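# quick check, what structure comes out for this input:
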Amino acid sequence: MAIRVNIDLLLAQRKMSVGDFAQAVGITPANVAVLKNGRAKAIRFSTLDAICRTLDCQPGDILEWVDD
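Numbers count the residues shown, from 1 in each chain. Down below sits the predicted model:
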């Protein structure tokens with residue numbers, strides 16, 4: 001099982017920098033990198049909520065299951 005995180009795609013579509021995104025969500029740019037690179041083991045619902053509010057999207061736009 002693999003979960004793909006599509007934050008980089010959404011940031012590009014919205015022409016938003018990682019720094020601006022991190023500040024709006026309330027996480028560090030380093031944690032954004034962890035999410036983007038697929039190294040995150042978990043995500044808090046409050047963080048997911050902040051990401052969805054910032055990017056004006058649904059959780060399914062950010063997280064995608066792909067078969068190994």
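# and the gap between Ile7 and Lys15?
To Lys15, Ile7 is 14 Å away according to CB to CB, to the nearest Å. Placement of C-beta: from N, CA and C, glycine included.
# the two - which one has more neighbours?
Ile7 (22 against 7; other CB atoms under 10 Å).
# so that one makes contact with Thr54?
No. Look at Ile7 against Thr54 with CB atoms under 8 Å: they stay out of range, at 10.1 Å.
# now do the shared contacts for those two.
Shared contacts of Ile7 and Thr54 (CB atoms under 8 Å, 6 or more residues apart in numbering): Phe21.
# which helix or strand in this protein has the lowest average pLDDT?
The helix or strand of the chain with the poorest confidence is strand 2-5; it has a mean of 91 (mean pLDDT, DSSP states H and E).
# only the buried residues of that one, if you could.
Buried residues in strand 2-5, defined by neighbour count with 16 or more other CB atoms under 10 Å: Val5.
# ok, that strand: who's next to it in the sheet?
Taking DSSP bridges as the criterion, strand 2-5 forms sheet pairs with strand 63-66 (antiparallel).
# what comes into contact with the strand it pairs with?
Residues contacting strand 63-66 (CB under 8 Å, 6+ apart): 1-6.
# make JSON lines from these and add distance to Asn31 to it.
JSON lines is the format used below for the contacts of strand 63-66 (distance: CB to CB, whole Å):
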{"residue": "Met1", "distance to Asn31": "22"}
{"residue": "Ala2", "distance to Asn31": "20"}
{"residue": "Ile3", "distance to Asn31": "16"}
{"residue": "Arg4", "distance to Asn31": "17"}
{"residue": "Val5", "distance to Asn31": "12"}
{"residue": "Asn6", "distance to Asn31": "16"}
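# I appreciate the help and will end here.
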